[in-house]
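Asks: quick one: sequence and predicted model below, then my questions.
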Amino acid sequence: MATENEESKKSLVKSGFVLSIMTFASRIMGLIREMTKASFLGTGMYADAFSTAFMLPNLFRRLFAENAVSVAFIPTFKSYTSKGDSLEAKKETQEFLNATFTLVTFLTTCVVLICILAAPLISLIFCKKPIDPDNIGWAVQTRIWLSQHIPFIKEPVIPSQADYSQLLQNWSLNKGEITILTRIMFPYLILISIAALFQGILNGCKIFAPSGFTPVLFNGAVVLGTYILAPHTENPARAMALGTLAGGFIQALFQFPFLRKTGWKVCFTSLKKTFTNPGTKKVIALIGPTIIGMAAYQLNDLVSTSMASRAGQGIVSSLSYSLRLQELILGIFAVSIGTVILPDLSGLAAQKKWEDFNKMLVQAIKIIIVITIPVTFYSLICGKELISLVYMNKKFDAQSVKLTLGAFRFHIAGLFFIAVNRIIAPAFYAQENSKLPTMAGILSFASNILLVLLLVGPMSGNGIALALSLASGVNTLFLIIFMKKMNSFDVKKILKESSLYIIKILIFSLIASIPTYFFRRFLVDTFASYGRLISQGLPVILSSILFFIVGAGQLIITKDPIVMVIIRKFKRK
C-alpha cells in the first residue's frame, strides 16, 4: 500500500509538473498581454472600459466553459468511457459528445445574441452618471445624510456647473466605448466554450499538454492583434478586443487535431436529441445547482466592478492588473493540480477507493500550501518592484503603480484560500456532488458583497481586493464544514495533516522573509539610479533567489516529503 501511495504521489507531481510548465508559459504570455495593455492603455478610461467589457464574457465563460467542464462534463464523460470498448458503448459515448457540443453551442449563441442587443443597457451598470449640481435628487440627498451619520460612507462629490458638462461628456464617451467593446468581444464566449469542451474531452483521456498550451496562443493573438491593429482602429482598446476574438478562435482550432487523434469527434445533432440524451440530462442535472452559484458569482463580480468603476478612474484597471499577477501564480499551480487530479479523483470515487481518494486530496492540498504561502510572503515584500518592473511605462506611471500595489497586497493575501478552493471543490465534483460547493460559493458571494459595500468607502479599490480575499477564506471554511456531510471525506485526517503543514510552511516562510526583506532594501537603494530593468529587475530576481535558497534549504534539511519526491525524480533523470 505504501508503494502505491508513493506512486500516486509521483504521478500527481509528474502530471502537475508537466501541465504547470505549459501553464507557466501561458501565464507568462498573459502577463505580457497585461504589459501590452498597460503600455497602450495605462489606467485611463480606455483601460477601464476594456477591463469592464472583457469581464462580461469572462463571467459567462466560467458558467458555460470552466464550470460545466469541471462540475459536470468530465465526471459524466468518465462514466461513459468506463463502460468499456464495445461498439454499443462507443456509440453511446459519441452520441453524448455530439449532444453536449450542440448544447454548449446553442446556449452560448443565445446568450451572445441577447447580450449584444442589450449592450447599451449593460454599460449603464458600470458608468456612474455625474451628479447634476442644479438637479440633486432624493438618492443623492440620502447619501449626503448617510455620510454625515455613518463613518464608512463617503460623502458624494457634487461638481461645479463648469465641471459638470465635461464630466457628462466623459461619461457618455465611456458608456459608448463599453458598449462597442462588449459587442466586439461577446462572440468570444462561443469560441472559448467550444475550446473548453475540447479540453474536457482531452483531459478525460488524460491528455493535458495541448489544452495547457492553448492560452499561450490566445495571449499571443491578443498581443499581436493589439500591435498590428492599433494603428488602424479608433483606439487601442478596440484592437485588443479584436485580438481577443481571434485568440478564442485559435484556442478551439488548435485542440481539434488532438481531439481527432483520441478517436472521438464532435458533430451537431438535433435539439430534440440534445435535450433527451441521458448524458446531457445528467450534465444539466449536475450543473443545475451551480447555475445559482454562478449567478451569484456573476452578480458578485458585477457589483464589485460597478463599485470599482464608481470609486474613481483607474480603480477597475488597477484591480485587473493586480489580479493578473495573482493569477500568474494561481494558474500555474492551483489550476494545474486541480485539472490533473479531477479525472483521477473521479475514477477513485467511481471505484469507492476512499482511502486513496483522501490521500490524493491531502497530497494536492500540501502542494498548494508549499507553493502559495511562500509566494504570498515574497510578494508582500517585493510587490512594488514587481509591479514597477512588469507594468511601468509612460502611460503606467507612479500613480498607477501605487493604485495597483494597494490592490495587489490585499489580493495576494487570499492566494492560499483561492488556490485551495480549486483543489477541494473538484473533490466534490468527482463524486457528482455540485450542490455543496455551490452552497459554499453562495455564502462566499454574500460575504463578499457585504464586505465590498463596507470596505469600498474607507478603502476604495483596496477594500474590494480585501473583500475578495476574505470571502475566499469564507468559501474554504464552508467547503470544510460541508465535507463532514459526506462519509467519503476523512475530514479529521485532512484537517490535521493540512494544519500541521500550514504551520510548518508559515514558520519557514517567515524565516526566509527576514533576510530577504533587508536584502531587498539594500538592492533597491544600490540600483536606484539605474533604468527600470535594473533598478526594479535586479531586486526582484536577486531577492527571490535568496528567498528560495533559504526556504528550500529548510525543506531539504527537514526532509519534506513533497520536496523529497521531486528530488528523487530528478536524481533518476
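Replies: Received, thanks. Numbers count the residues shown, from 1 in each chain.

Asks: residues near Thr233, how many?
Replies: 15 (other C-beta atoms under 10 Å). For every residue, glycine as well, the C-beta is placed using N, CA and C.

Asks: swap that for Ile449, sorry
Replies: 18.

Asks: tell me the pLDDT at it?
Replies: pLDDT for Ile449: 85.

Asks: quick check: it vs Asn421, distance?
Replies: The spacing between Ile449 and Asn421, counted by C-beta to C-beta, to the nearest Å, is 18 Å.

Asks: what does Asn475 give?
Replies: Applying C-beta to C-beta to Asn475 and Asn421 gives a distance of 5 Å.

Asks: now do Lys265 against Thr93, distance only.
Replies: Lys265 is 11 Å from Thr93, by C-beta to C-beta.

Asks: okay, those two: which has more neighbours?
Replies: Legend: neighbour count by other C-beta under 10 Å for Lys265 and Thr93, higher for Thr93 (18 against 13).

Asks: right, and the more buried one touches Trp264 too?
Replies: Yes. Assessed by C-beta atoms under 8 Å, Thr93 is found in contact with Trp264 at 7.4 Å.

Asks: list the residues that contact the residue sitting nearest the centre point of the chain.
Replies: By C-alpha atoms, centre = their mean, the chain has its centre lying nearest to Glu327, at 5.8 Å. By C-beta atoms under 8 Å, 6 or more residues apart in numbering, the contact set of Glu327 is 27, 30.

Asks: quick one, grab the pLDDT at it.
Replies: Confidence score, pLDDT, at Glu327: 75.

Asks: what residue ranges in the stretch 451-573 of the chain score low on pLDDT?
Replies: Flagging of the stretch 451-573 of the chain using pLDDT under 70 yields the residue ranges 566-573.

Asks: now do the helices in it.
Replies: Ranges of helices within the stretch 451-573 of the chain are 461-483, 491-526, 532-535, 537-557, 561-572, based on DSSP state H, counting those that start in this stretch.

Asks: helices or strands up against the fourth one?
Replies: So the one you mean is helix 537-557. On a contact count with 3 or more C-beta pairs under 8 Å, 6 or more residues apart in numbering; DSSP states H and E, helix 537-557 meets helix 354-391, helix 491-526, helix 561-572.

Asks: nearest to Phe24, out of those?
Replies: For Phe24, the closest of these is helix 354-391, at 12.2 Å, according to C-beta to C-beta.

Asks: quick check: phi and psi at Ser460.
Replies: phi 60, psi -130 (degrees, to the nearest 10).

Asks: all numbers from here: first residue = 49
Replies: Taking 49 as the first residue, the last one we looked at is Ser508.

Asks: for the residue nearest to Ser427 when sequence neighbours are not counted, give me its contacts.
Replies: Of all residues not flanking Ser427 in the chain, Ile460 sits nearest, at 4.5 Å (C-beta to C-beta, 6 or more residues apart in numbering). Contacts for Ile460 (C-beta under 8 Å, 6+ apart) come out as 373-374, 423-424, 427-428, 431.

Asks: so how do I select the buried members of those in ChimeraX?
Replies: Buried subset of those, written as a ChimeraX selection, criterion 16 or more other C-beta atoms under 10 Å:
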select :373,374,423,424,427,431
